[in-house]
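Participant: got a sequence here, can you build the structure:
(one chain, ligands or ions: 1)
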Amino acid sequence: MEKADSKSRILVEMKQVTKAYASRKKLFTRSSPQVLALNSIDLSIAKGEVFGLVGQSGSGKTTTGRLLVKLESPTAGEIFFNKTPISQLKGPGLKTYRSRVQMIFQDPYQSLNPHLSIAETLLEPLIVQKIGTPDTRTEKVIHTLDTVGLSPGEAFFNRYPHQLSGGQRQRVAIARAIVLEPQFIVADEPTSMLDATIAIQLFQLLEQIKETFGMTFLFITHNLAAARYMCDRIAVIHDGHIVEVNTADNIIRHPEHPYTKQLIKVQPGFKYTR
Ligand SMILES: Nc1ncnc2c1ncn2[C@@H]1O[C@H](COP(=O)(O)OP(=O)(O)OP(=O)(O)O)[C@@H](O)[C@H]1O
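Facilitator: Numbering: from 1, shown residues only. This next block holds a predicted model:
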């Protein structure tokens, strides 16, 4: 019974997902070797959960995020969202999916279009999804800017990304991710380009968004302390394999896999504490 309950609470599920890329080195060699970024991974994320994905550079974290928001497709395996296999989504179903899942990228300098004002950046998804009227869209944008701490929203309307600080840009990226009120957000190292004080403020903002909207998050980071601060459960990924999944506390206090133990050892000290 308990098992059936926990199954029905699953929002996102990856089953035996593999992703191979043609190696970037192929230009310099005669053969075209492949990089196995993900090697048959299984993962399930419950509704309302903040789920951490932690691993060192090149372990497959961003690839996982990009597959989940359907920026890329798996080489093998399947991803389910609300039990629907996302590989089969097309036309209106795919458009709906694109409104329900969003990604916040590591680098707000690159993820925002420098030619769009902040208003245009946030209006675009509402227009593409044909949500509201011009008036209600404008109201929604102002309200969303207020929600992410860019207040009053009107003051940011006509500004461009280059007129904002790094922290403010990442707030705009978060606003763009939440303006459609998605069910699931992939946050890929959202604070790694920012200093620790700004990072804490953004963590608090993401928590507040989760409380207000009840969204589910995949929080990608190489920093175990940040994952512990933010997440309910953490999966540790190494070389395209998930080596361990547990509650955030158990991963830190009782790591089981040698790689997790090594990760904890090499972390420079836990900056983020409650
Ligand atoms: N488009 C691509 N073409 C070829 N190889 C790729 C591509 N994207 C990723 N890779 C390779 O796949 C592996 C996993 O990369 P990925 O970006 O998912 O790792 P990551 O854990 O997010 O690393 P980082 O923390 O440095 O961003 C790496 O070996 C990477 O070089």
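
Participant: so what's residue 235 bridging to?
Facilitator: With DSSP bridges as the criterion, the beta-bridge partners of residue 235 are residue 53, residue 245.

Participant: so what's it up against?
Facilitator: Applying Cβ atoms under 8 Å, 6 or more residues apart in numbering to residue 235 gives the contacts 43, 51, 52, 53, 54, 242, 244, 245. Glycine gets a C-beta too; all of them are placed from N, C-alpha and C.

Participant: report the separation between it and residue 43.
Facilitator: Applying Cβ to Cβ, to the nearest Å, the value for residue 235 to residue 43 is 6 Å.

Participant: what sits against residue 43?
Facilitator: Contacts for residue 43 (Cβ under 8 Å, 6+ apart) come out as 12, 13, 14, 17, 51, 64, 235, 242, 245.

Participant: export those as JSON lines, with columns for distance to the ligand.
Facilitator: Output for these, formatted as JSON lines (distance: Cβ to the nearest ligand atom, whole Å):
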{"residue": "12", "distance to the ligand": "17"}
{"residue": "13", "distance to the ligand": "19"}
{"residue": "14", "distance to the ligand": "14"}
{"residue": "17", "distance to the ligand": "12"}
{"residue": "51", "distance to the ligand": "16"}
{"residue": "64", "distance to the ligand": "7"}
{"residue": "235", "distance to the ligand": "12"}
{"residue": "242", "distance to the ligand": "12"}
{"residue": "245", "distance to the ligand": "16"}
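
Participant: near the ligand, which residues of the chain are found?
Facilitator: Residues of the chain lying close to the ligand (Cβ under 6 Å from any ligand atom) are 21, 24, 35, 37, 55, 57-63, 222.

Participant: buried ones only from those residues, please, as a PyMOL command.
Facilitator: Of the residues of the chain next to the ligand, the buried ones go into a single PyMOL selection, burial set by 16 or more other Cβ atoms under 10 Å:
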select buried, resi 35+37+55+59+60+61+62+63+222
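
Participant: what's stretch 139-146 in contact with?
Facilitator: Outside of stretch 139-146, the residues within contact range by Cβ under 8 Å, 6+ apart are 118-119, 122-123, 126, 131-132, 151-154, 156-157, 172, 175, 178-179.

Participant: same check on stretch 62-78?
Facilitator: Stretch 62-78 is touched from outside by 12, 14-20, 37-38, 40-41, 43, 53, 79, 85-87, 89, 94, 97-98, 101-103, 106, 184, 186, 188, 218, 220, 237, with contacts defined as Cβ under 8 Å, 6+ apart.

Participant: wait, a helix at residue 114?
Facilitator: No. Per DSSP: H, G, I helix; E, B strand; the rest coil, residue 114 lies outside any helix segment and is coil.
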